[in-house]
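Novice: dropping the sequence and predicted coords here.
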Amino acid sequence: MNQLSQARTGSNLVFISANGGMGVMGRLTDMGLIPGEKIKVLHNTGHGQVTVNIKGSKVAIGHGLAQKIVVREE
Amino acid sequence: MVNKKNLTVALAGNPNCGKSTIFNNLTGSRQHVGNYPGVTVEKKEGNVAYNGYDFTVVDLPGTYSLSAYSEDEAVARDYIVKEKPDVVVHIVDASNIERNLYLYTQLAELDVPIVLAMNMSDIVEKKGNSIDYDELSRLLGKPIVKTVGNKNKGMEDLLETVLKLYEGRIKIEKIKIDYGEEIAQELKKIAKLLSKGKQSLNEYPVKWIAIKLLENDSSAIDVIKKLSNEEEILDQIEKSRHHLKLHFEDDPEVIIADRRYGFISGACTQSVRITVEERHDRSDQIDKIILNRFLGLPIFAAVMYGIFKFTFTFSEPVVGWFELLFEWMGGAVASVVPEGLIQSFLVDGVIGGVGGVLGFFPLVLFMFFSIAFFEDSGYMARAAFVMDKIMSKFGLHGKSFLPMMISTNGCAVPGIMATRTLDSKKDRLITMMVTPFMICGAKLPIFALFIGAFFPSEQGANMMFLMYVLSILLAFSSAWILKKFVFKGETAHFVMELPPYRIPTLKGLLLKMWERGWLYVKKAGTIILLISIIIWAGFTFPQMDAQEGVSEESVASMQMEQSYAGRIGKFIEPAVKPLGLDWRGGVALISGVAAKEVVVSTLGTIYSLGEVDAEEAGSLKEALIKDASWSPLKALSFLMFCLIYLPCFVAMAVFYRESGSSWKWTSFLVFWTTVMAWVASFVIYQGGTLLGIGG
């Protein structure tokens, strides 16, 4: 179990959960991120900001949020 | 044709699904944006005639779901439920079908007539996938139309299908999402309480409200607040949510979302065939550079600089022609209309005032065009992401950048409205407070005028860029102070879709440019015309008689000083004197509160009234250069004041409304900006004088 902010560019992950209250989780589900969803890290800027592929679309996630997203290697 | 039948069609869909392209294709130039002031929603509407019907097409805000995380979503949902459009067209990016259909599951549960437009269907095939549209249509229970928005394909088909559905020639079927036995049981319990005594649910279907309540949706909770058995329902929700949490070991809203995606994924497995594994596309390659940790910010700065360079370089000759045109008009009117009050009214009041503002119209258009280009190409979303890291240090959100960008050269009014995309109330208020600091399209003429008059032309673009940098620094430092002392707490998280890079269509750019530019002209033709006339009257009355032995020039200047406006200016002169300004600057600043363009038109009126011979009146720029009471330092102090001081009336009205009708925050805004403006100008003028710069 890892933080998304530390994921390497190109790694394939499975989304587990997000800590950070109702609003955060709701936003993520709207974007297609539900527990068990497979995601691919397209780019980690090195500042903890990442872009990921979720259900075929590219989503940018800020460093604060990426720290709160728990993932595991696929 | 007489008595055309009317039909209202609402366009719904995710952001970046090509919704506005389809809207533009359908309605062409026959569209208008709902007036900003007074109306709570920015509503884009257009018309198209088809087969004996007049279609009114409404472009709803792009949303991912119908939850109430942000106001855009609430607006879209309220429109569908309350205004009851005859048909809702849900536009789906077919190349990204599963995520896009999530919105469909919620639209369908509202029990409204839906047509699905599978947009960008050409990209699906290019990616090597294939969709069995007939099968998908059967599974979703709604008619499907294939469209390619940017190639203008499938529009007639879309209108035809909408019409068929409206006339009842095709039927739609309700879909049933299987939420599972546990959830269905709880929904039934809540629905039973909601139906008690046939109470009004603001026109929402009972089942829809029941689901939303189970999801803990705040606006669904607002709906039941007026019900007589509110306590009982809230109690049941509490129990149901608790029960489901124990059962699933997760929040009910997550399980519900999971079931919705399950429904879509079921439909897609049966109808979508993925033949080629997705490879790295070109957008990913470009993003490797654009979002690079070292290159991201320099590229951002370069793009911004490019926008200014482009705008000012290319608009300069056109602005010159416009100035000549208005000068010529003034001269022509003066030679036809006999000297006197009427001539003065037309030349000094109307042409001098409005012309001064409209002269900058080409510049504004060029600016809107280049901003639209970067918006439509997909760069702006990246810019928000690149800026997020820095913005968050100052207590702003990456998305705050977009309202600030819209306000820059655009208008703070849509800028303040664009803060609706921010989820957190605090982030919104901070962004709204600092958005008016940006140099809007109305302040632009002030800067262009003074920089043009007092600084060498080769430095013009650089000076202008410096002003923009200053406005950004100002906004950031204000945000930091506000975050530190007023709105404490954590900034909301950044999550945003990055659309694929696209080459914008010329039509789309021109429409966007025109739509925003037209507001500018409309303002010049109405508010500014009115204020110009008032200001002209303020300087013209009471009239002084010509006196023996006094030259015409001194009569003109005495007239102005003793007019109503002149007296007001004299009254406030002590307040602006420490800033290096005289009564004329003071009057211009006061009138600028009505609309910032008026600062220029007021000066235009003052200087053209001061000219003895109307036919001789040159451009305002020349008049300022000739006037010895100005200096580069005074001009800079004046510009600084204009940069910071309180936003125009319209922006303040929108701020008041968008801040939740808060007098507290609105008066805070007024006080804060005025004090800051005065202090900054004071420091510049007095500091500059002490150091002996540009005196």
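Specialist: Arrived safely, thanks for sending. Quick caveat, the model's predicted, so the values are computed rather than measured. Residues are numbered from 1 along each chain as shown, chains lettered A, B, ... in the order given.
Novice: can you map out the helices along chain A?
Specialist: A:21-30, A:63-68 (DSSP state H).
Novice: looking at the ones you listed, which has the lowest confidence?
Specialist: Sorting those by mean pLDDT places helix A:21-30 lowest, at a mean of 80.
Novice: and that helix, does that touch chain B?
Specialist: Yes: Helix A:21-30 reaches chain B (C-beta under 8 Å from any C-beta of the partner chain) through A:M22, A:G23, A:V24, A:M25, A:G26, A:R27, A:L28, A:T29, A:D30. Using the backbone N, CA and C atoms, a C-beta is placed for each residue, glycine as well.
Novice: okay, the helices of chain A in JSON lines with mean neighbour count next?
Specialist: Shown next, in JSON lines, are the helices of chain A (neighbours: other C-beta atoms under 10 Å in any protein chain shown):
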{"stretch": "helix A:21-30", "mean neighbour count": "20"}
{"stretch": "helix A:63-68", "mean neighbour count": "20"}
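Novice: mean pLDDT per helix and strand in the chain: which one sits at the bottom?
Specialist: Assuming you mean chain A. helix A:21-30 (a mean of 80; mean pLDDT, DSSP states H and E).
Novice: sorry, should have said chain B
Specialist: Scanning chain B with mean pLDDT, DSSP H and E, the lowest is strand B:31-33, at a mean of 63.
Novice: follow-up on the earlier one: so can I have CSV of the helices of chain A showing distance to B:T673?
Specialist: Converted to CSV, the helices of chain A look like this (distance: least, C-beta to C-beta, whole Å):
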stretch, distance to B:T673
helix A:21-30, 31
helix A:63-68, 30
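Novice: isn't B:S563 up against B:I535?
Specialist: No: here B:S563 lies out of contact with B:I535, judged by C-beta atoms under 8 Å, at a distance of 10.2 Å.
Novice: neighbour count winner among the two?
Specialist: B:I535 (28 against 21; other C-beta atoms under 10 Å in any protein chain shown).
Novice: check whether the more buried one really touches B:V600, as I assumed.
Specialist: No: the criterion here is C-beta under 8 Å, and B:I535 misses it with B:V600 at 11.5 Å.
Novice: hmm, back to that, and of the helices of chain A, who's closest to B:K507?
Specialist: helix A:21-30 (30.6 Å; C-beta to C-beta).
Novice: quick one: the closest residue to chain A within chain B from A:G64, how far?
Specialist: Nearest residue of chain B to chain A: B:F494, at 2.8 Å (C-beta to the nearest C-beta). B:F494 sits 7 Å away from A:G64, going by C-beta to C-beta, to the nearest Å.
Novice: what's the local residue count around the residue in chain A that chain B sits nearest to?
Specialist: Taking C-beta to the nearest C-beta, chain B has its nearest neighbour within chain A at A:G62, 2.8 Å off. A:G62 is flanked by 27 other residues according to other C-beta under 10 Å.
Novice: find the nearest non-adjacent residue to it, please.
Specialist: B:F494 (2.8 Å; C-beta to C-beta, 6 or more residues apart in numbering or on different chains).
Novice: who touches the one you found in this structure?
Specialist: A:Q49, A:A60, A:I61, A:G62, A:G64, A:L65, B:F385, B:D388, B:S392, B:H397, B:G398, B:K399 (C-beta atoms under 8 Å, 6 or more residues apart in numbering or on different chains).
Novice: isn't the fourth one right up against B:H493?
Specialist: Yes: between A:G62 and B:H493 a contact is recorded at 5.9 Å, counting by C-beta under 8 Å.
Novice: number of residues surrounding B:W518?
Specialist: Neighbours of B:W518 (other C-beta under 10 Å): 13.
Novice: please disregard the earlier target; I meant B:K577.
Specialist: 14.
Novice: contacts only, for A:D30.
Specialist: B:Y64, B:S65, B:S67, B:Y69, B:Y102.
Novice: 6 Å instead?
Specialist: B:Y64, B:S65 (C-beta atoms under 6 Å, 6 or more residues apart in numbering or on different chains).
Novice: so where's the chain uncertain?
Specialist: Reading this off chain A. Residue ranges of chain A with pLDDT under 70: A:21-22.
Novice: the intended chain is chain B.
Specialist: Applying pLDDT under 70 to chain B flags the ranges B:1-3, B:29-42, B:197-199, B:275-280, B:356-357, B:519-520, B:523-524, B:544-555, B:609-618, B:694-695.
Novice: re the thing from before, farthest-apart pair in the residues of helix A:21-30 next to chain B, please.
Specialist: A:M22 and A:D30 (12.6 Å).
Novice: and chain B, which residues reach chain A?
Specialist: By the rule C-beta under 6 Å from any C-beta of the partner chain, the part of chain B lying against chain A is B:64-65, B:67, B:69, B:96, B:98-99, B:257-258, B:261, B:284, B:291, B:293, B:385, B:388-389, B:423, B:493-498.
Novice: tell me where chain B has strands.
Specialist: B:5-13, B:31-33, B:44-50, B:53-59, B:87-93, B:114-119, B:129-131, B:144-146, B:272-274, B:495-498 (DSSP state E).
Novice: contacts for the fifth one?
Specialist: Where contact means C-beta under 6 Å, 6+ apart, the residues beyond strand B:87-93 that reach it are B:9-13, B:17, B:19, B:100, B:104, B:107, B:112-120, B:162, B:165-166.
Novice: may I have that strand as PDB, with CA atoms only?
Specialist: The C-alpha trace of strand B:87-93 is given here as PDB (Å, rounded to 0.1, in the frame of the first residue of the first chain):
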ATOM      1  CA  VAL B  87     -35.700  16.800 -24.800                       C
ATOM      2  CA  VAL B  88     -32.300  16.500 -23.100                       C
ATOM      3  CA  VAL B  89     -29.400  15.700 -25.500                       C
ATOM      4  CA  HIS B  90     -26.700  14.000 -23.500                       C
ATOM      5  CA  ILE B  91     -23.400  14.400 -25.400                       C
ATOM      6  CA  VAL B  92     -21.000  11.600 -24.900                       C
ATOM      7  CA  ASP B  93     -17.300  11.500 -25.800                       C
END
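Novice: partner strands of that strand and their direction?
Specialist: Each strand paired with strand B:87-93, and its direction, by DSSP bridges: strand B:5-13 (parallel), strand B:114-119 (parallel).
Novice: most neighbours per residue, which of these?
Specialist: Highest mean neighbour count among the strands paired with strand B:87-93 (mean count of other C-beta atoms under 10 Å in any protein chain shown): strand B:114-119, with a mean of 26.
Novice: just the CA coordinates for it, please, in PDB.
Specialist: Only the C-alpha atoms of strand B:114-119 are listed here, as PDB (Å, rounded to 0.1, in the frame of the first residue of the first chain):
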ATOM      1  CA  ILE B 114     -33.000  11.700 -23.500                       C
ATOM      2  CA  VAL B 115     -31.200  11.400 -26.800                       C
ATOM      3  CA  LEU B 116     -27.600  10.200 -26.700                       C
ATOM      4  CA  ALA B 117     -25.200  11.900 -29.000                       C
ATOM      5  CA  MET B 118     -22.100   9.800 -29.400                       C
ATOM      6  CA  ASN B 119     -19.600  12.500 -30.300                       C
END
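Novice: how far out from the middle of the chain is it?
Specialist: 27 Å (C-alpha atoms, centre = their mean, to the nearest Å).
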